[in-house]
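S.K.: Turn this into a structure:
(one chain, ligands or ions: 1)
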Amino acid sequence: DKAGYKHFMAKEIAEQPTVLADALRAYLDGNTIVLPDTLPDFAKIDRLTMVACGTAFYACLTAKYWFEQLAQLPVEVDIASEFRYREPPITARTVALFVSQSGETADTLAALRYCKGKADSIVSVVNVAESSIARESDVALPIHAGVEVGVASTKAFTCQLNTLLLLALHAAVQRGVMSHDELADKLGELRALPGLFNVALDRDPTMADAAHKIAEARDVLFLGRGLMYPLALEGALKLKEISYIHAEAYASGELKHGPIALIDKNVPVIVMAPRDALFEKTVSNMQEVMARGGKVCLITDAAGAEAAGADVWRTVILPAVDPILSPLLYALPAQLIAYHAAIAKGTDVDQPRNLAKSVTVE
Ligand code: M6R
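M.R.: As a prediction, the model looks like this:
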């Protein structure tokens, strides 16, 4: 039931603060991350290979930054349909990790079967605990998102990120790269996240206003750097999926290697950039866009908005957050801009044309 919301998607976006708080609690005992004993020892492996499709793939791309930076673990991320036929070499000191909301995605399941008997172990991160992918894994970690009805994945994405971040933090401690005090700090930040989500949800009118303008465009570009690059990809997927507007995402640094040729006054450019270590770099890309008449919609925090100057077309201000956690918070504007653009276009938000919730054929 939609609990009074017009669409399942709106409900699933709005319930994220509660769902995320519960999903976090499910894995914590005080400042200890509680994970199954059957998980591999991350200190004894050389590589993590992550495989998924669609939004789950973007969750993996995000987690790559976390596992590399926090746990100093080399990570490879691939799309399941490419991975399975490329048949890449998998060493015995590799953990193979599969992420899937439904746990039934045909390509992801085939990629998992390919890794059996080759990898050290098969781990999955799923929403449906009794799914094929969960059953065929050595260890299945539930994301605790609850049933997700909307075809566009929203709360499952943030709950995938939550589980993957906890796993990266666990690996960081196990590999001796992070102290217990540092872990306690990060968990404290994670506990505060649902509150920040609520503040961000209150900014919905600004996002709706930008989205109504964006809905008039034929093409939209998303830009982000570092942890914001996978979020840009997710924002573009959400927008094209439910509003049918052509959207593309690029790592900001790639702008001058091609996509800048697209920029004119008709192409809104959504820039996702909290004021972090990479902010100045992104701002300079943003200025290149504005110098060519591009309309920038900047999604940032208060410090970022101030530093960006007055020429920005639209600004969405989110609360400041520990840089490691920014992907979870910045998922919200990615979802809400797509949602409001779809409303403006009058499309079927929960059941977009040509798409199915679970892709069980390749
Ligand atoms: O059930 P899965 O997580 O394996 O599904 C993967 C993709 O099909 C899915 O994330 C798809 O991209 C969503 N519709 C995106 O919103």
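
S.K.: Remind me which helix or strand residue 76 belongs to.
M.R.: strand 75-79 (DSSP states H and E).

S.K.: Pull the residues that contact that strand.
M.R.: 47-53, 57, 60-61, 63-64, 67-68, 86, 88, 107, 111 (CB atoms under 8 Å, 6 or more residues apart in numbering). Placement of C-beta: from N, CA and C, glycine included.

S.K.: swap the cut-off to 7 Å and go again
M.R.: For strand 75-79, the external contacting residues (CB atoms under 7 Å, 6 or more residues apart in numbering) are 47, 48, 49, 50, 51, 53, 57, 60, 61, 64, 67, 68.

S.K.: same question, stretch 310-329
M.R.: Contacts of stretch 310-329 (CB under 7 Å, 6+ apart): 62, 158, 161-162, 186, 189-190, 193, 196-197, 199-200, 203, 206-207, 210, 227-228, 230-231, 274, 276, 290, 295-303, 305, 330, 333.

S.K.: any idea how far the residue in the stretch 1-150 of the chain that the ligand sits nearest to is from residue 107?
M.R.: Nearest residue of the stretch 1-150 of the chain to the ligand (CB to the nearest ligand atom) works out as residue 54 at 2.0 Å. Distance, residue 54 to residue 107, by CB to CB, to the nearest Å: 10 Å.

S.K.: Next: residue 265.
M.R.: 40 Å.

S.K.: ok, which stretches of this protein are helices?
M.R.: With DSSP state H, the ranges of helices along the chain come out as 8-14, 16-25, 54-71, 80-86, 106-115, 132-135, 155-174, 180-201, 204-214, 228-243, 279-291, 302-308, 326-345.

S.K.: Mind listing what's buried along the second one?
M.R.: Within helix 16-25, the residues that qualify as buried by neighbour count (16 or more other CB atoms under 10 Å) are 16, 17, 19, 20, 21, 23, 24.

S.K.: for it, packing partners?
M.R.: Other helices and strands packing on helix 16-25, by 3 or more CB pairs under 7 Å, 6 or more residues apart in numbering; DSSP states H and E, are helix 155-174, helix 180-201.

S.K.: follow-up on the earlier one: give the pairing partners of the strand holding residue 76; include direction for each.
M.R.: strand 47-52 (parallel) (DSSP bridges).

S.K.: per-residue confidence at the residue nearest to residue 81 when sequence neighbours are not counted?
M.R.: For residue 81, ignoring the flanking residues on the chain, the nearest one in space by CB to CB, 6 or more residues apart in numbering is residue 107 at 4.4 Å. Here the pLDDT value assigned to residue 107 is 97.

S.K.: So for this protein, which residue is the most central one in space?
M.R.: What sits nearest the mean C-alpha location of the chain, by CA atoms, centre = their mean, is residue 59, with 4.3 Å.

S.K.: Quick one: residues contacting the closest residue to that one other than its chain neighbours.
M.R.: Counting by CB to CB, 6+ apart, residue 160 is the residue found nearest to residue 59 once chain neighbours are left out, at 4.0 Å. Residues in contact with residue 160 (CB under 7 Å, 6+ apart) are 56, 59, 99, 125, 143.

S.K.: quick one on the thing from earlier: distance check, the residue of the stretch 1-150 of the chain closest to the ligand against residue 348.
M.R.: Taking CB to CB, one finds residue 54 at 18 Å from residue 348.

S.K.: So which of the two has more stuff around it?
M.R.: Using other CB atoms under 10 Å as the criterion, residue 54 and residue 348 rank with residue 54 on top: 21 against 12.

S.K.: And the pLDDT for the residue of the stretch 151-300 of the chain found nearest the ligand?
M.R.: Taking CB to the nearest ligand atom, the ligand has its nearest neighbour within the stretch 151-300 of the chain at residue 153, 3.8 Å off. At residue 153, the pLDDT value in this model is 97.

S.K.: Can you tell me the number of residues neighbouring it?
M.R.: What residue 153 shows, counting by other CB under 10 Å, is a neighbour count of 28.

S.K.: Which residue is the nearest non-sequential neighbour of it?
M.R.: residue 55 (4.2 Å).

S.K.: do residue 278 as well
M.R.: Residue 278 sits nearest to residue 225 (CB to CB, 6+ apart), 4.5 Å away.

S.K.: and that neighbour, how far is that from residue 280?
M.R.: 10 Å.

S.K.: So between the two, which is more surrounded?
M.R.: residue 225 (22 against 11).

S.K.: So that one is in contact with residue 252, correct?
M.R.: Yes - with contact defined as CB atoms under 7 Å, residue 225 counts as touching residue 252 (4.6 Å).
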